[in-house]
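Asks: Prediction below, plus the sequence it came from.
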Number of protein chains: 6
Amino acid sequence: MREERYQKGIENLKNMNPDSYRALEKNLEDLAPEMARYVAEFAYGDIYSRPGLDLNTRELVTIASITTLGGADTQLKSHIHGALNVGCTPREIIEVIIQMAVYAGFPKALNGLYAAKEVFDERNENIEK
Amino acid sequence: MREERYQKGIENLKNMNPDSYRALEKNLEDLAPEMARYVAEFAYGDIYSRPGLDLNTRELVTIASITTLGGADTQLKSHIHGALNVGCTPREIIEVIIQMAVYAGFPKALNGLYAAKEVFDERNENIEK
Amino acid sequence: MREERYQKGIENLKNMNPDSYRALEKNLEDLAPEMARYVAEFAYGDIYSRPGLDLNTRELVTIASITTLGGADTQLKSHIHGALNVGCTPREIIEVIIQMAVYAGFPKALNGLYAAKEVFDERNENIEK
Amino acid sequence: MREERYQKGIENLKNMNPDSYRALEKNLEDLAPEMARYVAEFAYGDIYSRPGLDLNTRELVTIASITTLGGADTQLKSHIHGALNVGCTPREIIEVIIQMAVYAGFPKALNGLYAAKEVFDERNENIEK
Amino acid sequence: MREERYQKGIENLKNMNPDSYRALEKNLEDLAPEMARYVAEFAYGDIYSRPGLDLNTRELVTIASITTLGGADTQLKSHIHGALNVGCTPREIIEVIIQMAVYAGFPKALNGLYAAKEVFDERNENIEK
Amino acid sequence: MREERYQKGIENLKNMNPDSYRALEKNLEDLAPEMARYVAEFAYGDIYSRPGLDLNTRELVTIASITTLGGADTQLKSHIHGALNVGCTPREIIEVIIQMAVYAGFPKALNGLYAAKEVFDERNENIEK
C-alpha cells in the first residue's frame, strides 16, 4: 500500500533526518509535493527500510555517492546530518570523504570535506569522536 | 618513507585484492609502472591503512563511488572482489548498489548490479549469504 | 497499494517496452528481483503514468538524460526501443541526440548516435521517417 | 555563411531567450566574445533551427540534459526561461525534472526543481497551468 | 561561410586525424551526416584553428577532458591518435593521463591509460620517446 | 620518504600556488589536516614533479579536467591562479576553456569562463596577453 510505504518512510525519517525532510517538504509544497512523497516512499520507505545493511552504512555509502556526484551540497549536508543522527561519528564521515579523493578525485573530496565542516560547526560536533 | 608506504600498501593488497593488483601491475608494466605504485602507496598505503573506518566499510563506500561514476566496470568488479575478500557478504554489496538508484539513478545502479552478478557467478557466491 | 502501482507499471511496460523489461527481470531474477519491481513500480508505475506530459516526450527526455550520463548503452538502447514503441520517429530521436552535442559535448552525442544506429538497424527502421 | 548562421541564431534567440543571451554576451564581452557567437551560431543557428523537432521539445530535452549534468544552475534557469518563452507550461517543465530522479538520481532532480522554483517565482508563473 | 569553415576543418583534420574522421563520417553517413559536418566545422574549423594555443596543447587538453568524462573510449583513442599525429610524444600523453588520477580519480585515469596502451600497441609507439 | 615527497611538494607549491595551498591548509586544519598533506605529497610532490611535461601544460590539462568535472569552482579558480603563476597567459587559459565546449558541452565551458573572469579581474590580468 502506498500509505504503508509512506508511513514506513516517515517513521524512518523521524529517526534519521526530520529537519531536512521538513525543509524539503516545505520547499516543494507549492511546486511538486509528490516529489517529497517519492523521497519518503521510495528512498526512505522502500530502500532505507530494507534489511541486509545497517542505517549507519547506508548513510555512509550515500555520502560517498553524493560526494562523487559533486554539485549537490544541500543533499550532501542533509545526509551528513542524517549520518550523525543515526550514530555515525564525525571521524567515520571524514574518512569516507577523504577516501573519495582516490575514486572521484581531489576536487570533489575537498568540496565534500568543506560541506562536512559546515555541518560539524553548526552542530558543534567534536571531530575527534 | 616511500618504501614504507609501498610495503604497507602491498601488505593491505595481499589481504584485500592480490589478483586485481597483479593484473593492474601487469597491464601497466611497460606503460606506466609508477601508476601501479601510486595505487599501492596512495590508495592502499595511505588511505586504506588509515584508522577510523574498517575495511568492510571502506570497500562498500568505494563500490558506491565507482557505481556512481559509471563506465568503470574493471575497477568496480575489482572492488567487488575486494569487498568479498575482506568479508563483506554478497547481500551487503547488492544493498549498496540498489541504494545507488536513489542517488545516481537507475541506469548506473543496474549496471552496478550486472557487474556484481559477473563477479558472484565467477566466484560461485551464494547471494543469500 | 504496492500491487496497484506494480500493475499500472506493468501495464505501461506492456505498451512501452515489454522486451527490455523481460530482459531486465531475467537478468535480475537471482540477484535482486526487487530491483526489477522498483523499475516497474517507481519508474513506470509512479512516474510514466503521471499526467502532464505525453509518453513520447517522456521517452525523449529520458534519451537526453541517459545520453548525457554516458556509459549506459544498455539503458539507452532500451529507451530508444521504448521511444519507437510509443510512436516517436527515428528522426526525432536523432534530433534529440544531436542536440546533446551542445549540452553534454560531442563524445557523448556521438556515442548516443551509435547506440541509436544499432537499434534502428536491428529494427530495420527507416531513418527518414 | 557565418553571417547567415549568426543571423538565424539571433533570430531564434529573439523568440526563445533574448534576456539570457544578452546577459551571456555581456558577461563574455571582454573575455571571450567569440564564445557568445558560437552559442548564437552553433547552438541556436545550427541546432535549434533544424527541422524534425519542435522548439518546445528541444527546450525540454535541454532541461533534461542540464539537470542531469548538475552544477549548472545559470544555464538550467536560462533554459527554463527559454522553455516558458516558447510555450512550454510550468507543469511540463516540472514533469521533466521530476522524471530525472529515475535516471540521474534524486539529488540532481531536487536541485533542478529548486532552479525551476526560482524562475517560476521570478516570473509569477502559475504552476498548475 | 559554411563552406569556408568546413574546408578549414577538413584541412586541419587531414593533418590531425584523417583516419578517425573518415571512420566517423562512415559511421554517421546514413544516420546523421550533418553531425560529421559539425565536427569538421565547429570542432576543427572553428576551435582547433583558433590562434593562441598550439595543436599539441589542444590535443593534450582534449585527452584530459575525455579521460575525465570517462565512458568514451572511441573518442579518447581517436584523440590519442590525433595527439601523436601532431607531434605529441607517448610520454606526454601518459603524463597527462596519470595526472588525471588527482582530479578525476584513479578509475578514470586507469581506463585512460589502457586506452593509450591500445593505441600505442597498434602504432608500435616507443613509450620512452 | 614521506618527508622528502612533502618537501618537494611544498617547494612546487611555493612557486605554483602558495596562497591557494595556505587557504586549503587553513580550511582543513581542524578537520582533516592529512588531506592537505596528501595534496602536497601526492599531487604536488609525486605528480607535478614528474619529468616529461612542463608545468604550464600540467596546469592547462588540470584546468581542462576541472572544467569538465563542473561544480568545483574553488579548485578551478585555484588552478587558474596556478596556471598564471607558472607563466601561462590569460589567452591560453581562455583557449583551453573555450575548447571544452566541444568535449564537455557549453554549460561547463561557460561556467569555466566565468571562473576565469573572476580570477583575471581579481589579478587585473590583461586578457589580450
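Replies: Yes, it's here. Numbers count the residues shown, from 1 in each chain, chains lettered A, B, ... in the order given.
Asks: From now on I want contacts and neighbour counts done on CA atoms only, so please keep to that.
Replies: OK.
Asks: can I assume A:Ser65 is in contact with B:Ile63?
Replies: No: under the criterion of C-alpha atoms under 8 Å, A:Ser65 makes no contact with B:Ile63, lying 9.2 Å away.
Asks: Now do the residue most central in space within chain A against A:Thr57, distance only.
Replies: Of all residues in chain A, the one closest to the mean position by C-alpha atoms, centre = their mean is A:His79, 1.8 Å from it. Taking C-alpha to C-alpha, to the nearest Å as the measure, A:His79 and A:Thr57 are separated by 12 Å.
Asks: same thing with A:Tyr38?
Replies: 22 Å.
Asks: between those two, which one's more packed in?
Replies: Taking neighbours as other C-alpha atoms under 10 Å in any protein chain shown, A:Tyr38 and A:Thr57 compare with A:Tyr38 leading, 22 against 19.
Asks: Now do the SS call for that one.
Replies: helix (DSSP: H, G, I helix; E, B strand; the rest coil).
Asks: Rounded mean pLDDT for the helix or strand harbouring A:Asn111, please.
Replies: Assigned by DSSP states H and E, A:Asn111 belongs to helix A:106-123. For helix A:106-123, the mean per-residue pLDDT is 98.
Asks: now stretch A:26-43
Replies: Stretch A:26-43 comes out at a mean pLDDT of 96.
Asks: Just the endpoints, please. Distance across it?
Replies: Stretch A:26-43 end-to-end distance (C-alpha to C-alpha) = 18 Å.
Asks: what about that stretch, near chain D?
Replies: Yes: counting by C-alpha under 8 Å from any C-alpha of the partner chain, chain D is contacted by stretch A:26-43 at A:Asn27, A:Leu28, A:Asp30, A:Leu31, A:Ala32, A:Met35, A:Val39.
Asks: Could you measure from the third one over to chain B?
Replies: So the one you mean is A:Asp30. As judged by C-alpha to the nearest C-alpha, to the nearest Å, A:Asp30 and chain B stand 23 Å apart.
Asks: List the contacts of that residue.
Replies: D:Ile127 (C-alpha atoms under 8 Å, 6 or more residues apart in numbering or on different chains).
Asks: likewise the first one?
Replies: Going by C-alpha under 8 Å, 6+ apart, A:Asn27 touches D:Tyr114.
Asks: Can you give the domain ranges for chain A?
Replies: In terms of domains, chain A is parsed into A:1-50, A:53-129 (source: automatic domain parsing).
Asks: How many neighbouring residues does A:Lys26 have?
Replies: Count around A:Lys26 with other C-alpha under 10 Å applied: 13.
Asks: Just the ones of the residues of stretch A:26-43 next to chain D in helices?
Replies: A:Asn27, A:Leu28, A:Met35 (DSSP state H).
Asks: Look at the second one and say how many residues are nearby.
Replies: Other residues near A:Leu28 come to 18 when the count uses other C-alpha under 10 Å.
Asks: And it, how far from A:Tyr38?
Replies: A:Leu28 is 12 Å from A:Tyr38, by C-alpha to C-alpha.
Asks: residue in chain A nearest to chain E?
Replies: Chain A approaches chain E most closely through A:Gly105 (3.9 Å), counting by C-alpha to the nearest C-alpha.
Asks: That residue: how many residues sit nearby?
Replies: Count around A:Gly105 with other C-alpha under 10 Å applied: 25.
Asks: what's the closest non-adjacent residue to it?
Replies: Leaving aside its chain neighbours, A:Gly105 sits nearest to E:Gly105 (3.9 Å; criterion: C-alpha to C-alpha, 6 or more residues apart in numbering or on different chains).
Asks: Would you check that that neighbour makes contact with A:Tyr103?
Replies: Yes: counting by C-alpha under 8 Å, A:Tyr103 is a contact partner of E:Gly105 at 4.4 Å.
Asks: give the contact list for A:Lys14.
Replies: Taking C-alpha under 8 Å, 6+ apart as the definition, A:Lys14 has no contacts.
Asks: Quickly find the element holding it.
Replies: helix A:2-16.
Asks: Show me which positions of that helix end up buried.
Replies: A:Arg5, A:Tyr6, A:Gln7, A:Lys8, A:Gly9, A:Ile10, A:Glu11, A:Asn12, A:Leu13, A:Met16 (16 or more other C-alpha atoms under 10 Å in any protein chain shown).
Asks: quick one, that helix and helix C:2-16 angle?
Replies: 110 degrees (axes from the mean of the first three to the mean of the last three C-alpha atoms, to 10 degrees).
Asks: quick one: average confidence on helix A:2-16?
Replies: Mean predicted lDDT for helix A:2-16 stands at 92.
Asks: now that helix: how far from the chain's centre is it?
Replies: 15 Å (C-alpha atoms, centre = their mean, to the nearest Å).
Asks: next one: stretch A:88-96
Replies: For stretch A:88-96 - counting by C-alpha atoms, centre = their mean - the centre lies 13 Å from the chain centre.
Asks: interface residues of chain A facing chain F?
Replies: So far as C-alpha under 8 Å from any C-alpha goes, chain A lies against chain F at A:Gly70, A:Gly71, A:Ile94, A:Ile98, A:Phe106, A:Pro107, A:Lys108, A:Asn111, A:Leu113, A:Tyr114, A:Lys117, A:Ile127.
Asks: which of the residues you listed has the most neighbours?
Replies: Busiest of the residues of chain A next to chain F [other C-alpha under 10 Å] is A:Lys108, holding 30 neighbours.
Asks: OK, contacts around that one?
Replies: A:Thr67, A:Thr68, A:Gly70, A:Met100, A:Ala101, F:Ala72.
Asks: Can you tell me the SS state at A:Gly71?
Replies: coil.
Asks: Let me see the contact set for it.
Replies: Counted by C-alpha under 8 Å, 6+ apart, A:Gly71 has contacts D:Gly70, D:Gly71, F:Gly70, F:Gly71, F:Ala72.
Asks: Check the contacts of A:Lys108 and tell me the two furthest apart.
Replies: A:Met100 and F:Ala72 (14.6 Å; C-alpha to C-alpha).
Asks: These two: which has the busier surroundings?
Replies: A:Met100 (28 against 20).
Asks: OK, contacts around the closest residue to that one other than its chain neighbours?
Replies: The shortest distance from A:Met100 to any non-neighbouring residue, by C-alpha to C-alpha, 6+ apart, is to A:Ala109 (5.4 Å). Residues in contact with A:Ala109 (C-alpha under 8 Å, 6+ apart) are A:Thr67, A:Thr68, A:Ile97, A:Ile98, A:Gln99, A:Met100, A:Ala101.
Asks: re the thing from before, can you say which of the domains of chain A is packed in most?
Replies: domain A:53-129 (a mean of 22; mean count of other C-alpha atoms under 10 Å in any protein chain shown).
Asks: secondary structure element for A:Thr97?
Replies: Actually, residue A:97 is Ile rather than Thr. Going by DSSP H and E, A:Ile97 is part of helix A:90-104.
Asks: how far off helix E:90-104 does that helix point, in degrees?
Replies: Using the same axes, to 10 degrees: helix A:90-104 against helix E:90-104 is 150 degrees.
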